[in-house]
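Peer 1: got a structure for you, letters missing:
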């Protein structure tokens with residue numbers, strides 16, 4: 001019986017995702033997209049039902065759709081297609097006084113906060129925890145819904161839309177002119193190769209980076225004002241090594257923590273695991289997780305020092321003791 005249920009569930013999932021992919025496969029760039037997709041709940045022409053979604057602070061908010069046109073984007077994660085999200089954000093920035101934008105995502109709030117901080121974006125992001133949007137609006141991800149100022153759904157289909165045709169339609173929608181049903185053109189998703197961050201060499205400026213603190217909130221470092229020390233480790237780092245280095249970092253922090261920014265960083269990004277490890281050491285050194293760790297080193301654990309101007313000045317092959325570390329840091333602190 002259990003095997004039968006699993007088989008039925010597999011067939012259902014395969015059929016659902018297969019239909020969605022098939023619908024995309026039938027469209028080519030610049031083809032007009034049907035206003036309502038296969039997985040839509042409400043159809044174009046229906047009244048948009050209210051939504052109960054959680055905001056970035058975890059508070060449940062009731063969202064209704066009246067008086068102002070709104071675009072809803074449904075995604076698994078904001079980081080799934082950075083360029084497309086930025087494209088939508090750019091369109092919204094032009095028309096923020098006359099329309100609303102809402103992102104519905106399934107990731108944890110801390111990752112959404114980091115994405116927004118990293119790309120200097122201010123976007124309304126909400127979280128679906130009760131399948132509220134999927135049930136009422138669209139089970140397909142990613143998807144997009146456009147609602148007019150009267151609360152009528154005008155479009156409920158794929159997210160992959162040509163930016164120019166969307167911009168033109170939104171302009172007409174805001175003015176209350178033109179066709180009520182949008183003639184939106186399809187723009188096939190582009191494969192974006194994720195490149196490994198370039199290793200910063202000694203003497204080069206380190207790009208600003210965004211980490212998470214142990215509460216899950218973003219911490220953006222631009223490495224300006226004070227020297228910075230980063231001790232990078234990973235979740236797989238040998239415990240004996242941490243037993244040696246974390247006390248060294250604590251000693252340096254106690255001596256120089258007011259004159260330099262000193263952090264230990266778990267580059268693996270596993271926040272809860274990091275907290276469990278640190279509980280063994282009673283360390284007061286500020287600890288971060290995540291970040292573009294490959295721009296700092298190609299081997300881990302790693303230790304780097306960045307001067308007050310954001311220039312990488314120190315990356316030893318062998319880890320120093322506390323005295324050597326303090327000596328190098330003192331030189332950076334005393335520099336003009």
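Peer 2: Nice, thanks for sending it over. No experiment lies behind these values; they were computed from the predicted model shown. Residues are numbered from 1 along each chain as shown.
Peer 1: element containing the spatially most central residue of the chain?
Peer 2: For the chain, the residue nearest the mean C-alpha position is residue 115 (3.1 Å; C-alpha atoms, centre = their mean). For residue 115, the element it lies in under DSSP states H and E is helix 109-118.
Peer 1: how about stretch 164-181: buried residues?
Peer 2: Neighbour counts using 16 or more other C-beta atoms under 10 Å place 165-166, 168-171, 173-174 of stretch 164-181 among the buried residues. Glycine gets a C-beta too; all of them are placed from N, C-alpha and C.
Peer 1: same question for stretch 129-144.
Peer 2: So for stretch 129-144, counting by 16+ other C-beta under 10 Å, buried means 132-134, 137-144.
Peer 1: and for stretch 40-50?
Peer 2: 40-42, 44, 48.
Peer 1: likewise stretch 92-108?
Peer 2: For stretch 92-108, by 16+ other C-beta under 10 Å, it's 92, 95, 99-105, 107.
Peer 1: show me what contacts the residue nearest to the centre of the chain?
Peer 2: Contacts for residue 115 (C-beta atoms under 8 Å, 6 or more residues apart in numbering) come out as 77-79, 121.
Peer 1: what about residue 315, neighbour count?
Peer 2: Using other C-beta atoms under 10 Å, residue 315 has 17 other residues around it.
Peer 1: if I look at the nearest residue to it once chain neighbours are set aside, how far off is residue 249?
Peer 2: Among residues not flanking residue 315 along the chain, residue 304 sits closest, at 4.9 Å (C-beta to C-beta, 6 or more residues apart in numbering). Using C-beta to C-beta, to the nearest Å, residue 304 is found at 13 Å from residue 249.
Peer 1: show me whatever sits in contact with both of those two.
Peer 2: Counting by C-beta under 8 Å, 6+ apart, the residues touching both residue 304 and residue 249 are residue 229.
Peer 1: hang on, isn't residue 211 packed against residue 265?
Peer 2: Yes: under the criterion of C-beta atoms under 8 Å, residue 211 makes contact with residue 265 at 6.7 Å.
Peer 1: so, low pLDDT: which residues of the protein?
Peer 2: Applying pLDDT under 70 to the chain flags the ranges 1-25, 178-179, 336.
Peer 1: can you pull out the strands in it?
Peer 2: Under the criterion DSSP state E, the chain contains strands at 51-54, 60-63, 70-74, 100-105, 125-127, 143-147, 153-158, 209-212, 218-221, 228-233, 261-266, 287-289, 302-306, 312-314.
Peer 1: roughly how far is the last one from the heart of the chain?
Peer 2: Spelled out, that is strand 312-314. Put simply, strand 312-314 sits 29 Å off its chain's centre (C-alpha atoms, centre = their mean, to the nearest Å).
Peer 1: do the same with the second one
Peer 2: The chain centre lies 22 Å from the centre of strand 60-63; the measure is C-alpha atoms, centre = their mean.
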